[in-house]
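Chemist: need a 3D model of the sequence below.
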Amino acid sequence: MSNDAYFKDKVCVITGAGSGIGRALALNLARRGAKLALSDIDTEGLAETTKRCEQIGAEVKSDRLNVVEREAVLLYADAVKAHFGKVHQIYNNAGIAYHGDVIRSEFKDIERIMDVDFWGVVNGTKAFLPLIIESGDGHVVNISSLFGLIAVPSQSAYNAAKFAVRGFTESLRQEMLIGKKPVKVTTVHPGGIKTAVARSATYAEGIDGKEAASMFDKKLAIHTPEMAAQTITEGVRKGHGRVLIGWEAKLLDIFVRVTGSYYQRIAATVSGRFIP
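Modeler: Numbers count the residues shown, from 1 in each chain. This is a model prediction of the structure:
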């Protein structure tokens, strides 16, 4: 089976499709012949993604969706099923970023990150999983992060959400294996991807958001969303349980495995010296 034939006519749901990795995934899958259910809270960005996918020739259902709103996500799953007749894959990609030390972060800031980055994934997975099982050839793809592999200062809320996505998804994969369900499950850990996530992030009081975003864009964002999408779809096609995007993600994964908890002292030292 060719790379494109695997995705041909598969109904693929992508949240956060208005920009970044979500848009790149949509375009990648459109070129491979998939049918797309695209959503985002950013309607302008979503409209642009939809337009590009339709120009390629893909059948697209496009909807504004806030993944935090559980009832809306459940209704959305029903609507996608009604539109396409079945659902094969979901890419729970929608997410936001936040920077702030624990002591300076408000409870509401931490809750907001958990609501979008963790509960958004749970809502999407729970809403679509019965349909994906029903398809007989399904796949759940949940986007964690490099920060779901390694924790760093000022990212406690984001780390918490992305580690939670990792644990939730790895457990789900085991459940599907035990139950012999026709569903593959993949956790994705992107490294530094050139998206707008840093520029649209929120910050604790006292943090210069522009400086932090500029540093991320100039020094850490080293891979394109297109590269990320290609890596993800190839991982999905091959049935990988985990996909690491970028050499830095692979290197830091090994670093954490080798050093154990000692990595935290090293990360604290490096961060204290080089991160404003």
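
Chemist: counting residues, name the longest strand you see in this protein.
Modeler: In the chain, assigned by DSSP state E, the strand with the most residues is strand 183-190.

Chemist: would you map the strands across the stretch 101-250 of the chain?
Modeler: 138-143, 183-190, 202-203, 242-245 (DSSP state E, counting those that start in this stretch).

Chemist: so which other helices or strands are in contact with the second one?
Modeler: With contacts defined as 3 or more C-beta pairs under 8 Å, 6 or more residues apart in numbering; DSSP states H and E, strand 183-190 has these neighbours: helix 120-135, strand 138-143, helix 156-178, helix 225-237, strand 242-245, helix 247-259. (Each C-beta comes from the backbone N, C-alpha and C, glycine too.)

Chemist: before we move on, back to that, out of the strands of the stretch 101-250 of the chain, the one nearest Asn159 is which?
Modeler: Closest to Asn159 of the strands of the stretch 101-250 of the chain, according to C-beta to C-beta: strand 183-190, at 12.4 Å.

Chemist: before we move on, back to that, mean pLDDT lowest for which of the strands of the stretch 101-250 of the chain?
Modeler: Looking over the strands of the stretch 101-250 of the chain, mean pLDDT reaches its minimum on strand 202-203, with a mean of 64.

Chemist: ok, now which ones touch Phe107?
Modeler: With contacts defined as C-beta atoms under 8 Å, 6 or more residues apart in numbering, Phe107 has no neighbours.

Chemist: let's have the chain start at 494 instead
Modeler: Yes, from this point I'll number from 494; that puts the last item at Phe600.

Chemist: for Lys674, see how far away it is.
Modeler: When distance is defined by C-beta to C-beta, to the nearest Å, Phe600 is 37 Å away from Lys674.

Chemist: ok, now Ile715?
Modeler: For Ile715 relative to Lys674 (C-beta to C-beta), the value is 37 Å.
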